[in-house]
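1. Requesting a structural model of the entry that follows:
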Amino acid sequence: MKLINLKNMLNNKTILITGGTGSLGKALVKRILNDYPDLKRLIIYSRDEQKQFQMAQEFSNKDFPSLRYFIGDVRDKDRLIRAFEGVDYVIHAAAMKHVHISEYNPDECIKTNIGGAENIISASLFSNVSKVISLSTDKACAPINLYGATKLTSDKLFVAANNIKGSKDIKFSVVRYGNVMGSNGSVVPFFIKNKGKGFLPITDKSMTRFNILLNQAVEMVIYALINSWGGEIFIPKIPSFNIIDLANAIDKNSKHKIVGVRAGEKIHEEMISPSDSYTTYDIGDYYVIIPYNPLWHVNDFIINFNAKKVEEGFSYNSKSNPDRLDVNQIKELLKKY
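-> Presented below is the predicted three-dimensional model:
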């Protein structure tokens, strides 16, 4: 497989990360600043000034002179256009992501996740951005909740953006991953917070989730930034866990109180549906859903990535995933959290 040297790719370049003060955004910033000192600028674009203030205590301009903090909202296209001036690569991590909150605030979710995607695309096409990587979620696959539906729409917009770029040398691609262990608002810190209180709230005993470590998610975003051709959806091969096993790994002495599934929640998550299988390829550590009409030759893609077509009807979901974590394996992963 022909790979690009990322250090050469980022030398004297500028990266902008929307939602850069979130869990994954901060991890990306740390990795990029540590590994790529010849980067020209790294811009954190987000709307929460308090989070930017707190992040600047850890990553200051004095220690990291290439780092910049921009206040802005992805809903504001004019602000994005100004922020994108001189930017080479955009990593779009900003989103309204909590399922139950999105169900009760649908307009806000649509404005951020769909309107924001449209604005990122428009601002990128207006500027001289050469590559955009949008972060997605397993909830975008066969969605049953508003959050998932907005992220599926966002994914479709970024894939289709490659068809409206005209003569511009720009590529739009998507990274889709599962539950990031220990990220803000996820189940792991919630269970840890409630450890020792006598019981842990369980939505459904059979519930399963994909699990990816923060460093794995960062690695995947960087992989996509280097290797995307435009229009792909990259999906990691990661393990799953059962919610009861997670609860027992965190607090084996607590009882389990069944509280029921919240609005919009799935019992099992999915990252590749049977319908997606017709354009899905296995490239080793990742699956890739390619566009139906890519602007590049599929045979070239197959040769370059040693890609193998998955079987028609293939599905990748957290229930049937053969890579299932047991209690002891979860405990080992929690040590890294």
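2. C-alpha from now on. contacts and neighbour counts both.
-> Will do.
3. Can you show me the strands along the stretch 51-200 of the chain?
-> 67-71, 89-92, 131-137, 171-177, 179-180, 199-202 (DSSP state E, counting those that start in this stretch).
4. Deepest-packed of those, please.
-> Among the strands of the stretch 51-200 of the chain, the stretch with the highest mean neighbour count (mean count of other Cα atoms under 10 Å) is strand 171-177, at a mean of 26.
5. who does that strand touch, helix- and strand-wise?
-> strand 131-137, helix 146-161, helix 214-227, strand 233-236 (3 or more Cα pairs under 8 Å, 6 or more residues apart in numbering; DSSP states H and E).
6. What residues of the second one count as buried?
-> What it means is helix 146-161. 146-161 (16 or more other Cα atoms under 10 Å).
7. what inclination does that helix have with respect to strand 131-137?
-> Per axes from the mean of the first three to the mean of the last three Cα atoms, to 10 degrees, the angle that helix 146-161 makes with strand 131-137 is 160 degrees.
8. Check the offset of helix 146-161 from the chain's centre.
-> Centroid displacement of helix 146-161 relative to its chain, using Cα atoms, centre = their mean, to the nearest Å, is 13 Å.
9. now for that helix, which elements pack on it?
-> helix 99-104, helix 106-110, helix 116-126, strand 131-137, strand 171-177.
10. now what about that helix, what contacts it?
-> The contact list for helix 146-161, computed with Cα atoms under 8 Å, 6 or more residues apart in numbering, reads 96-99, 102-103, 106, 109-110, 113-114, 117-118, 121, 134, 136-141, 143, 172-174, 230-232, 264, 291.
11. Just the buried ones from those?
-> 96-97, 99, 102-103, 109-110, 113-114, 117-118, 121, 134, 136-141, 143, 172-174, 230-232, 264, 291.
12. in the stretch 201-337 of the chain, which spans are helices?
-> With DSSP state H, counting those that start in this stretch, the ranges of helices along the stretch 201-337 of the chain come out as 214-227, 243-250, 298-305, 327-334.
13. If you count contacts, what does the first one end up packed against?
-> Using 3+ Cα pairs under 8 Å, 6+ apart as the contact definition, the elements that helix 214-227 packs against are helix 23-35, strand 131-137, strand 171-177.
14. and what of the second one?
-> Contacts defined by 3+ Cα pairs under 8 Å, 6+ apart place helix 243-250 against helix 187-194, strand 199-202, helix 327-334.
15. So which of the ones you listed is nearest Glu269?
-> helix 187-194 (14.5 Å; Cα to Cα).
16. Report the buried residues of the closest one.
-> So helix 187-194, judged by 16+ other Cα under 10 Å, has buried residues 187-189, 191.
17. Dump the helices and strands packed on helix 243-250 to JSON lines, plus distance to Ala224 and mean pLDDT.
-> Shown next, in JSON lines, are the helices and strands packed on helix 243-250 (distance: least, Cα to Cα, whole Å; pLDDT from 0 to 100):
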{"stretch": "helix 187-194", "distance to Ala224": "27", "mean pLDDT": "89"}
{"stretch": "strand 199-202", "distance to Ala224": "35", "mean pLDDT": "92"}
{"stretch": "helix 327-334", "distance to Ala224": "24", "mean pLDDT": "94"}
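18. My guess is Phe64 contacts Tyr36. True?
-> No: Phe64 is beyond contact range of Tyr36, at 11.5 Å (criterion: Cα atoms under 8 Å).
19. what would the strands of the stretch 51-200 of the chain look like in TSV with distance to Ile303?
-> TSV is the format used below for the strands of the stretch 51-200 of the chain (distance: least, Cα to Cα, whole Å):
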stretch	distance to Ile303
strand 67-71	38
strand 89-92	26
strand 131-137	22
strand 171-177	20
strand 179-180	31
strand 199-202	46
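20. Nearest to Ser240, out of these?
-> strand 179-180 (9.3 Å).
21. outside of that closest one, which residues touch it?
-> So strand 179-180 is contacted by 186, 209-214, 217 (Cα under 8 Å, 6+ apart).
22. List buried residues within those residues.
-> Buried, going by 16+ other Cα under 10 Å: 209-214, 217, out of these.
23. in this structure, which residue is closest to the centre?
-> Leu135 (3.4 Å; Cα atoms, centre = their mean).
24. returning to what we had before: what is the lowest-pLDDT residue among the contacts of strand 179-180?
-> Lowest in pLDDT among the contacts of strand 179-180 is Ser186, which has 80.
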